[in-house]
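Participant: output the structure for:
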Amino acid sequence: MTGYRQAITDGADIIVKLDGDGQMDPKMLPRLIRPIASGLADYSKGNRFFDLDGLQAMPPLRIFGNAALSLLSKLSCGYWNLFDPTNGFTAIDATTARNLPFDKISNRYFFETDILFRLNLIRAVVVDIPMPANYGNEKSNLKISRVLIEFPVKHARNFIKRIFYNYYLRDMSIASFELTFGIILTLFGIIFGSASWMHASAASKTASAGTVMLAALPLLAGIQLLLAFLSFDIASVPKVPLQLVLREPMGAEIHDMIKSR
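Facilitator: Residues are numbered from 1 along each chain as shown. Got it, this is the predicted structure:
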């Protein structure tokens, strides 16, 4: 955070974060910043999972952990097109960085994931950059026991915030109603079905067809609505770079494009 603030103060155009553990090749910097410099993205990050043969160098526990964290990150951050969320090789457009709430972004190991969540809230475009997985004899200070508790809690918090901000506070769409009624119908089907089953079991009776349908239909409808919401959320990944909207003065190329429409 200190480095980001200082880089912005110094007038940087693109800010790169390179971890000091020797796992990231500085020769890849041109590839990392190219999407930002060309105006195609606001933030780029490394992805060690593109080269499947190169993954042999990654410890199996890290492969499993990164895969699990990637799934949680897709839900909480909203970037369904990304993988390897904890990758520390990143670059960000300075105009975009100025709009991030640095005081609210999580520190330490959740930093990379939390900044993705903050980027989604401001609708920034993020891309993955293939990079090799280079591992030596270094030992990680990351404690698995701590992550298993800390990360899921923070992912759940960010997921709730993202859904509330994007689908209820700042905008309302058909997806907002799909999620609301999907949750209501699913919970009703589960609660009513469970209560009916326990009542019938205690009375040693078989539930009637009407009771079964009254529990099954809302449950099936609720699941369908939740799947529809999920499909909408996946399709709503930001596609227009934020830097094109925020940067002043407007570039001649963008100006001509607007005039032609």
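
Participant: in the stretch 1-150 of the chain, which spans are helices?
Facilitator: Counting by DSSP state H, counting those that start in this stretch, the stretch 1-150 of the chain has these helices, from start to end: 2-9, 29-37, 60-77, 94-97, 111-121, 144-164.

Participant: over to the stretch 151-261 of the chain?
Facilitator: Going by DSSP H, counting those that start in this stretch, the stretch 151-261 of the chain shows helices at 174-202, 209-235, 242-246, 252-259.

Participant: turn the helices of the stretch 1-150 of the chain into TSV, columns for mean pLDDT.
Facilitator: Below are the helices of the stretch 1-150 of the chain laid out as TSV (pLDDT from 0 to 100):
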stretch	mean pLDDT
helix 2-9	93
helix 29-37	94
helix 60-77	81
helix 94-97	93
helix 111-121	93
helix 144-164	84
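
Participant: could you export those helices as CSV, including mean neighbour count and distance to Ala203?
Facilitator: Where you see a C-beta, it was placed from the backbone N, CA and C, and this is true even at glycine. As requested, these are arranged in CSV below (neighbours: other Cβ atoms under 10 Å; distance: least, Cβ to Cβ, whole Å):
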stretch, mean neighbour count, distance to Ala203
helix 2-9, 13, 64
helix 29-37, 18, 64
helix 60-77, 17, 41
helix 94-97, 21, 62
helix 111-121, 22, 49
helix 144-164, 14, 38
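
Participant: so which of those gets nearest Lys104?
Facilitator: Proximity to Lys104 (Cβ to Cβ) singles out helix 111-121 among the helices of the stretch 1-150 of the chain, at 7.3 Å.

Participant: that closest one to helix 60-77, inter-axis angle?
Facilitator: Inter-element angle recorded for helix 111-121 and helix 60-77: 20 degrees (by axes from the mean of the first three to the mean of the last three Cα atoms, to 10 degrees).

Participant: show me the contacts for the closest residue to Gly182 other than its chain neighbours.
Facilitator: Nearest non-adjacent residue to Gly182, counting by Cβ to Cβ, 6 or more residues apart in numbering: Leu225, 3.3 Å away. Leu225 makes contact with 178-179, 181-182, 185 under the criterion Cβ atoms under 8 Å, 6 or more residues apart in numbering.

Participant: list the contacts of the residue most central in space within the chain.
Facilitator: Central residue of the chain (Cα atoms, centre = their mean): Cys77, 2.4 Å from the mean position. Going by Cβ under 8 Å, 6+ apart, Cys77 touches 85, 113, 116-117, 119-120, 158, 162.

Participant: now it: how far from Ile163?
Facilitator: 12 Å (Cβ to Cβ, to the nearest Å).

Participant: how about Arg31?
Facilitator: Arg31 sits 34 Å away from Ile163, taking Cβ to Cβ as the criterion.

Participant: swap in Asn99?
Facilitator: Note on Asn99: its distance to Ile163, by Cβ to Cβ, is 21 Å.

Participant: Ile149 too?
Facilitator: Ile149 is 22 Å from Ile163, by Cβ to Cβ.

Participant: what does Gly46 give?
Facilitator: Distance from Gly46 to Ile163, by Cβ to Cβ: 28 Å.

Participant: alright, that wraps it up for me.
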